[in-house]
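Undergrad: below is the sequence, then the predicted model.
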Amino acid sequence: MTALLHSLSDADAATAALVGPKASTLARLRRAGVSVPDAFCLTADAYRARVTGAGVGDAAAGVAGADLFEGRKLALKVRLAMLNGPLESSLAEATASAYARLSAGGGLVAVRSSALCEDTADASFAGQFDTFLGIANETELNTAIHACWASLWSSRALRYMRAHEIDPAHTAMALLVQRMIEADAAGGALSQTPDEELVITGAWGLGSVIAQGEVVPDRFVLTRGGDFERVEPGRKDRLVSTSAGAGPLTRAVPRNLVEAPCLSESEAVELGRMVLIAEAALGAPVEVEWAKDARGFHLLQARPLRVETPHPDYEPWRRHPGLRGQPAGVGWGSGPACLVIHEHDLDHVKAGDVLVTQVAGPALTAVLPRVAGVVAELGGSTSHLAALARERGIPAVLGVLDATRRIPEGATVAVDGVAGVVRWMR
């Protein structure tokens, strides 16, 4: 059973081909002395055994080469097979034992994807697979494992794989079962920006509100040497927390904390040093997810970061009105503004448009391939949408206050995804 399940501290947990890049990177950071939550991994072979045991290997192999309608039918067959039926008995026993050790004392866990194709230099898969927070017992754990396996075959994930020419039958969904951090604050960080800075984003509670673009996070800017430069307070009107039996809960942030920075200057410097240690351990710029509890800071994820050089501020645009926000970190582009207030408005987005919207959520992923830029009132530099924009080289600026009210429909808009500036011609 050791071939199907590994503790994060096992030697084999640093092997991406077994546990996926997400889990293997955390194992490497743990060895480098970075605080990483305890976890165990269900390997790629555990997923493959499930596919074989469910009798859907042929259906999986046929998805990539089928036409759209037939491919959807085959993918649905695989997905349903991954959702149904118990774990194989020996794997169930090993998983129950590992879970009991991880949750000793009543702690909650999270189940996260760690697919072999995920968190690579070419494909982050940010927000494409499922994550389950606040798992409180074996029944919930087994349900989350099945659902996370099945998320490899969701329409959203398959569309992303087609865009990156990845055959879903040639990859596998390893899983990471991780001790939950009861976070006072959480967020993300970019170890390097085009302006040679280190940027940390943060919000109260769990980091899911940042990842999903539901708030404008605080933005802490440090030098590449780790010295504090400035803080740009966000607008954090909600937070997510977990409790046993209730799962993730969203509640309002007290009014006096909405724009109050979630970290002190000294805490930001401490976290910045941890991010630089992670960068040194992995040998390249990184994007990380972090959480802080009563014991301090912990890194939950780290993946390769694309860094681009700054663009000049084009002279013809300087006389036009502009707004500032949090840059995704790549690109400059222009095009007519297409305002998206409701999800059904996405049908009106045309090739070359600049998407101007309120929430920088996962639904926007479907139109990213055809837009010249993205402007959003919520979200920040480390949201899933920002990661996908960096990956595609699409300029995006998030957390732009009143963008949908001030930028006219159809106006020619310029988006600087490095400087975080949006301008438009009236």
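TA: Good, I have the coordinates.
Undergrad: quick one: neighbours of residue 74, just the number.
TA: For residue 74, the count of nearby residues is 22 (other CB atoms under 10 Å). No exception for glycine: its C-beta is placed from N, CA and C like everyone else's.
Undergrad: confidence score at it?
TA: Looking at residue 74, its pLDDT stands at 97.
Undergrad: my read: it touches residue 60, true?
TA: Yes - the pair formed by residue 74 and residue 60 meets the contact definition of CB atoms under 8 Å, at 7.5 Å.
Undergrad: so which bits of the helix or strand hosting residue 279 are buried?
TA: Secondary-structure element containing residue 279, defined by DSSP states H and E: helix 265-282. Under the neighbour-count criterion of 16 or more other CB atoms under 10 Å, helix 265-282 has 267-269, 271-272, 274-279, 281-282 buried.
Undergrad: assign a three-state SS to the nearest residue to residue 391 once chain neighbours are set aside, would you?
TA: By the measure of CB to CB, 6 or more residues apart in numbering, the closest residue to residue 391 outside its immediate chain neighbours is residue 124, 5.5 Å from it. Here residue 124 is recorded as coil under DSSP: H, G, I helix; E, B strand; the rest coil.
Undergrad: number of residues surrounding residue 124?
TA: Close neighbours of residue 124, defined as other CB under 10 Å, add up to 22.
Undergrad: contacting residues around stretch 275-282?
TA: 25, 28-29, 32-34, 189, 191-192, 198, 200, 226, 285-286, 288, 290, 299, 302, 304 (CB atoms under 8 Å, 6 or more residues apart in numbering).
Undergrad: I should have written stretch 16-28 there, sorry.
TA: In this structure, residues lying in contact with stretch 16-28 by CB under 8 Å, 6+ apart are 6, 8-10, 12-15, 36, 39, 41, 43-45, 112-116, 118-120, 173-174, 176, 281-282, 299-303.
Undergrad: are any of those residues buried, and which?
TA: Neighbour-count burial (16+ other CB under 10 Å) is assigned, among the contacts of stretch 16-28, to 6, 8, 10, 12-14, 36, 39, 41, 43-44, 112-116, 118-120, 173-174, 176, 281-282, 299-303.
Undergrad: how many neighbouring residues does residue 205 have?
TA: By other CB under 10 Å, 26 other residues sit near residue 205.
Undergrad: nearest residue to it other than its sequence neighbours?
TA: residue 239 (3.2 Å).
Undergrad: just to revisit the earlier point, if I pick the residue nearest to residue 391, what's in contact with it?
TA: Under the contact definition (CB under 8 Å, 6+ apart), the residues listed for residue 124 are 118, 303, 387-388, 391.
Undergrad: rerun at 7 Å
TA: 303, 387-388, 391 (CB atoms under 7 Å, 6 or more residues apart in numbering).
Undergrad: just to be sure, residue 48 is in a helix?
TA: Yes - read with three-state DSSP, residue 48 is one of the residues of a helix.
Undergrad: just read off the phi/psi values of the closest residue to it other than its chain neighbours.
TA: The spatial neighbour of residue 48 that comes closest, neighbours along the chain excluded (CB to CB, 6+ apart), is residue 172 at 5.6 Å. Residue 172 has phi and psi values of phi -160, psi 150 when expressed as degrees, to the nearest 10.
Undergrad: looks like residue 172 contacts residue 44 (just checking).
TA: Yes - with the criterion set as CB atoms under 7 Å, residue 172 and residue 44 qualify as a contacting pair; they are 3.7 Å apart.
Undergrad: what do the two both touch?
TA: residue 116.
Undergrad: assign a three-state SS to residue 28, would you?
TA: helix.
Undergrad: same question, residue 380
TA: For residue 380, the secondary structure call by three-state DSSP comes out as coil.
Undergrad: low pLDDT regions in the chain?
TA: Along the chain, the model assigns pLDDT under 70 to residues 1-2, 244-246, 311-316.
Undergrad: for it, which segments count as helices?
TA: Under the criterion DSSP state H, helices of the chain are mapped to 16-31, 44-53, 57-62, 68-83, 89-102, 138-150, 155-163, 208-211, 265-282, 384-392, 403-406.
Undergrad: how near is the closest residue to residue 196 other than its chain neighbours to residue 269?
TA: Across the structure, with CB to CB, 6+ apart as the measure, the residue nearest residue 196 apart from its sequence neighbours is residue 224 (5.3 Å). In this structure, residue 224 lies at 13 Å from residue 269, with CB to CB, to the nearest Å as the measure.
Undergrad: what sits against the residue nearest to residue 196?
TA: With CB under 7 Å, 6+ apart, residue 224 has these contacts: 192, 196-198.
Undergrad: which strand residues bridge the nearest residue in space to residue 270 that is not next to it in sequence?
TA: Closest residue to residue 270 in three dimensions, ignoring its sequence neighbours and counting by CB to CB, 6+ apart: residue 297, at 6.6 Å. Here residue 297 shows beta-bridge partners residue 292, assigned using DSSP bridges.
Undergrad: just the C-alpha atoms of stretch 169-187, please, in CSV.
TA: Taking C-alpha atoms only, stretch 169-187 is exported to CSV below (Å, rounded to 0.1, in the frame of the first residue of the first chain):
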residue,chain,number,x,y,z
ALA,A,169,-6.0,9.9,-20.3
HIS,A,170,-2.3,10.5,-20.2
THR,A,171,-2.3,12.3,-16.8
ALA,A,172,-3.5,11.3,-13.4
MET,A,173,-5.0,12.9,-10.3
ALA,A,174,-2.9,12.4,-7.2
LEU,A,175,-4.4,14.0,-4.1
LEU,A,176,-3.1,15.9,-1.1
VAL,A,177,-4.9,15.5,2.3
GLN,A,178,-3.6,18.3,4.4
ARG,A,179,-4.2,19.5,8.0
MET,A,180,-6.3,22.6,7.9
ILE,A,181,-4.8,25.8,9.3
GLU,A,182,-7.3,27.7,11.4
ALA,A,183,-6.3,30.9,9.7
ASP,A,184,-6.5,34.3,11.2
ALA,A,185,-5.3,35.6,7.9
ALA,A,186,-4.3,34.1,4.6
GLY,A,187,-3.4,34.9,1.1
